[in-house]
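1. Predicted model follows, preceded by the sequence.
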Amino acid sequence: MTKEPAVRLPPVEQIGIVVRDVDQAVEYFASTFGWGPFKIRESEMKRVTYDGRTGDCRLKMAFARSGSVEIELIQVLEGETPHSDFLRRHGEGMQHLRFRVDDCDGTIAVLANEGVDPLWHQKFPGIAAFAYMKADKTSGLMVELFEKKEPREGRGGLA
Amino acid sequence: MAGQSPIVLPPIDQIGLVVRDLERTAAFYYSTFGLGPFSIVPEVKFDGVILRGRPTDSKIKVAFADSGSLQIELIQPLEGENIYAEFLQAGREGLHHLGFRVDDFDGMLARFKDRGIEPVFWKHFGFTAFAYLDTAKVGGVMAEVLWPKERRKRGK
């Protein structure tokens, strides 16, 4: 008999692709896949835990949609992340699938019981949290959990 | 090439993964993530599929599950030469391709050819057709063009 799933992730919401050069990739995917227009932004993250170590990183990312899913292109500008590891090992390519969760910490705890541990994660208290889960038990599939608090309605309320 | 109009693929229909042990993977994805349950096709014969210009015979095992409007496909190569066995031989496992379903299969292949992008592994069976394209040179994503446009319904 099949046991009940430990968690029930919703449909895939994002496909993450590691690239060497976001600008070059944006141009290529626009002309060859018809993806875009992409929104490009840089993000700096302080004290992110990566495989037990904590460090800073700077990423350049581009976002577009393909039907129901978001395409995320990721270039590492500085620091060590799962993306820089992926690029060194495999070159460019699809690196993760992202799923939305209500409670990132809670889901991490349940998945840890199944042998799937977090690899790279951070919380932005009151705003969002993400966790890339290790792929050693998942036949190579890196699952990203993503929790986002919807912004409060109306003015004020920002403590 | 400059001046060419872009190729516009339809929305992604399928995310394809290549795995070493399909049964174990399908069971694990369901029990751990609630992804699935997968319907498994224990053996698919790929006779006369063109691998970089040369016909090959191979066998694979496949499994399908829905994730919203997307289809998740797991592939395990069983015997013979194909791009899935090559992927595993290269030490890879996991995310492998994105599938796009089109109305005009030959036309789409011709458009890619105009840009110097050739099919790597493909066959037209008459009632269905697929072509994996050499789109991974920039960005590392292999596109699979599938025909017909509508996914075939699968029994449980």
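-> Everything's here; your move.
2. Could you say which helix or strand holds residue 98?
-> All of this refers to chain A. Assigned by DSSP states H and E, residue A:98 belongs to strand A:93-100.
3. Switch to chain B, please.
-> strand B:94-101.
4. Just the mean pLDDT for that strand, thanks.
-> For strand B:94-101, the mean pLDDT works out to 98.
5. Would you mind pulling the contact partners of it?
-> Applying Cβ atoms under 8 Å, 6 or more residues apart in numbering or on different chains, the external contacts of strand B:94-101 come out as A:15, A:93-97, A:135, A:138-142, B:9-19, B:71, B:73, B:75, B:84, B:87, B:132, B:141-151. No exception for glycine: its C-beta is placed from N, CA and C like everyone else's.
6. Now the buried members of these.
-> A:15, A:93-97, A:135, A:138-142, B:9, B:12-19, B:71, B:73, B:75, B:84, B:87, B:132, B:141-147 (16 or more other Cβ atoms under 10 Å in any protein chain shown).
7. Give me the subset of those lying in helices.
-> The members of the buried ones among the contacts of strand B:94-101 that map onto helices under DSSP state H are B:84, B:87.
8. Which strands or helices does the lengthiest helix in chain B pack on?
-> Counting residues, the longest helix found in chain B (DSSP H) is helix B:22-33. Judged by 3 or more Cβ pairs under 8 Å, 6 or more residues apart in numbering or on different chains; DSSP states H and E, the packing partners of helix B:22-33 are strand B:39-51, strand B:54-67, strand B:70-80.
9. Could you pull up the contacting residues of the residue nearest to the spatial centre of chain A?
-> In chain A, the C-alpha nearest the mean C-alpha coordinate belongs to residue A:144, at 5.0 Å (Cα atoms, centre = their mean). Residues in contact with residue A:144 (Cβ under 8 Å, 6+ apart) are A:14, A:16, A:96, A:97, A:98, A:99, A:130, A:131, A:132, A:133.
10. redo that, cut-off 10 Å
-> Residue A:144 sits next to A:13-14, A:16, A:72, A:82, A:95-101, A:119-121, A:130-133 when contact means Cβ atoms under 10 Å, 6 or more residues apart in numbering or on different chains.
11. just those residues that are near chain B?
-> Contacts with chain B within these, counted by Cβ under 10 Å from any Cβ of the partner chain: A:13, A:16, A:95, A:96, A:97, A:99, A:133.
12. out of the helices and strands packed on helix B:22-33, nearest to residue A:89?
-> Go through the helices and strands packed on helix B:22-33 one by one with Cβ to Cβ and the one that ends up closest to residue A:89 is strand B:70-80, at 21.0 Å.
13. same for the closest one, what does it pack against?
-> Using 3 or more Cβ pairs under 10 Å, 6 or more residues apart in numbering or on different chains; DSSP states H and E, the elements in contact with strand B:70-80 are strand B:14-18, helix B:22-33, strand B:39-51, strand B:54-67, helix B:83-89, strand B:94-101.
14. circling back to that earlier point, can you tell me which of the helices and strands packed on helix B:22-33 is most buried?
-> Mean neighbours per residue, mean count of other Cβ atoms under 10 Å in any protein chain shown, is largest over the helices and strands packed on helix B:22-33 for strand B:70-80, with a mean of 20.
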